[in-house]
Structure formats: C-alpha cells, structure tokens
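[1] Quick one, fold the following:
(one chain, ligands or ions: 1)
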Amino acid sequence: MDITGRKKAAFTLLCSAILIVSCADNADDTTDASVSIDAMPVPDAMPVPDAMPVPDAAPPDAQSEPDAMPATCQTTGFCFMYVTNLGDEAIDPSAGIVGLDARCNATDSNKPAGTATYKALIADGATRIACTTASCSTGTGEHSDWVLKPSREYRRGDGTTVIGTTTANGVFTFPLDNAIGPDIVGTNNTRTGLLTDWTSSASDCDNWSQTTGISETGLHNVTGAELLSIGTSGCTNSGALVCVEQ
Ligand SMILES: [Ca+2]
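    Now for the predicted structure:
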C-alpha cells in the first residue's frame, strides 16, 4: 500500500469512528427522549381522591343518634311526676279522660322542663284502669291504658327528689319516699277516680264526662294512700291532676 492508499484507509477508519459516535449519540438521544416520557407518570401520583375522608366522617353522625334517645324516660332510668298548678282543672264533658291528659301536657309552671308526654294519674273504670284486684295481685295484665310503668323510679321535676319506685305490678306501695309535690295555695285535692287499693271507684263524674255528681278525690301532698283517696268531692269542686311522664 502506498502512502495515498494508507491515507484513504485512515480516512475510512476515521469516518467509521465518526459514524459510530454519531449512532451512539442518536442512541443516547433516543434514550433521553424515552426517559423524559417515563418521567410523566405524574397523573398516576394523584392519590388524593383515594384519601376521601368523607366516609370516615359518617360514623360520628351515626353515633349522634343514641344521644337523641334519652328524650323519654324509657331510657333515662326514671320518670317525672308533677301536680298541675293551673288551679281548677275543670272537667270538659266533651273530652273525658283524654281532655284531662291534655291538661297534663298544657303549659304549667310545675311541669318539668323538656318535651316529654304526660298522662293523668286517674281512672275511669272503662278505658283507663290501674287494677281490677287490690294492688294488681295478678300482675300487669290488669292494666288498661295505665300510666305507671312497672319497677320504675319516679322523681319530682327537680330531677333529684325521689317520689317512689313502682312494684313489678305497676303501682306504688305506701308510704312513698316523698309526696308528689309541696302544698299548693288553694286546694291540695286531686281528681283520681281511684280507691286506696288502686282499683277503680264508681265515683268518677260519669267517666269524667259530667260536671254533675261526685268523684273520688285524693291529695298530692302526702306520702300515704290518701294520694289515691280521701273520699269523694263534687265534680264542680276545684281539683288538680297528678301527671305522669310516659
Ligand atoms: Ca267509671
């Protein structure tokens, strides 16, 4: 090989080297381009929606429901009783015992705070009966629309003064721990329609539908069986009502 031939060979080698470098550069460019594409999975890194804590916030709302349950004495352990302070709880002949229950739910300065429903501690021997035998000797099956719950503590509106706890047959034994309430100016008489053994009296102003005749009358400010009866009184006479939370 002469000198010219050597120069051609060297030039060819140089060109080959340049091509290899060029190809290598191209390969690097391709790699770089793919790298930049691989670096785009940012959208995959958006787990924010997975962090949705909204469902986690639901359980506290569900837990608030039990808090609303103690609205009645079915769940608070004791029930309220009070004596009306409206003065003369006149009999409404058109309403009967339902009208007397309505008086227990009317505005009254003695009624305990809250939204509880009340019924009158009263009997008519027809729709509302406490016992058909003395102190319900055969059990709660003697009740009709009776207002006291069995084995339940009853308290005054102050929430602390215990009046008494009923028997398993849904009546009180006497004496009570405390009277239903203190003396009232005017009269302490209450309309009851009950005899001292919790059976119904025939004297009930004709099932509380008449303002003539007589009714069994009790006292709210005592701890004995006089709560139920001290005798009879005219249906036009003043009389309060003992009211019981339901
Ligand atoms: Ca009757």
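[2] what about the residue in the chain positioned nearest to the ion, helix or strand, and which?
    Nearest residue of the chain to the ion, counting by Cβ to the ion: Gly125, 3.5 Å away. (Each C-beta comes from the backbone N, C-alpha and C, glycine too.) Using DSSP states H and E, Gly125 falls within no helix or strand.
[3] Identify the residues contacting it.
    Gly193, Ser200, Ser201, Ala202, Asp204, Asn207 (Cβ atoms under 8 Å, 6 or more residues apart in numbering).
[4] Can you get me a residue count around Gly99?
    17 (other Cβ atoms under 10 Å).
[5] ditto for Leu86
    15.
[6] Ok, Tyr154 next?
    Tyr154: 24 surrounding residues under other Cβ under 10 Å.
[7] Please look at it and Cys243 and confirm they touch.
    No: counting by Cβ atoms under 8 Å, Tyr154 sits too far from Cys243 to count as a contact (11.1 Å).
[8] Mutual contacts of those two, please.
    By Cβ under 8 Å, 6+ apart, Tyr154 and Cys243 have these common neighbours: Met81.
[9] re the thing from before, and the residue of the chain closest to the ion, how close does it get to Glu142?
    12 Å (Cβ to Cβ, to the nearest Å).
[10] So which residues on the chain come close to the ion?
    Counting by Cβ under 5 Å from the ion, the residues of the chain close to the ion are Asp124, Gly125, Asp204, Asn207.
[11] And these, which two are furthest apart?
    Gly125 and Asn207 (7.3 Å; Cβ to Cβ).
[12] circling back to that earlier point, out of the contacts of Gly125, which are inside helices?
    Asn207 (DSSP state H).
[13] Could you identify the most distant pair in the contacts of Gly125?
    The widest separation within these (Cβ to Cβ) is 11.4 Å, between Ser201 and Asn207.
[14] And the two? Which one has more around it.
    Shown here are Ser201 and Asn207; by other Cβ under 10 Å, Ser201 has more neighbours (20 against 15).
[15] Report the contact partners of the nearest residue to that one once chain neighbours are set aside.
    Excluding the flanking residues, the one nearest Ser201 by Cβ to Cβ, 6 or more residues apart in numbering is Glu216, at 3.7 Å. Residues in contact with Glu216 (Cβ under 8 Å, 6+ apart) are Arg191, Thr192, Gly193, Leu194, Leu195, Ser201, Ser203, Asp204, Leu228, Ser229, Gly231, Thr232.
[16] do Glu142 as well
    Ile129, Ala130, Cys131, Thr132, Thr133, Cys136, Asn169.
[17] ok, how many other residues are close to the fifth one?
    The criterion is other Cβ under 10 Å. On that basis, Thr133 has 13 neighbouring residues.
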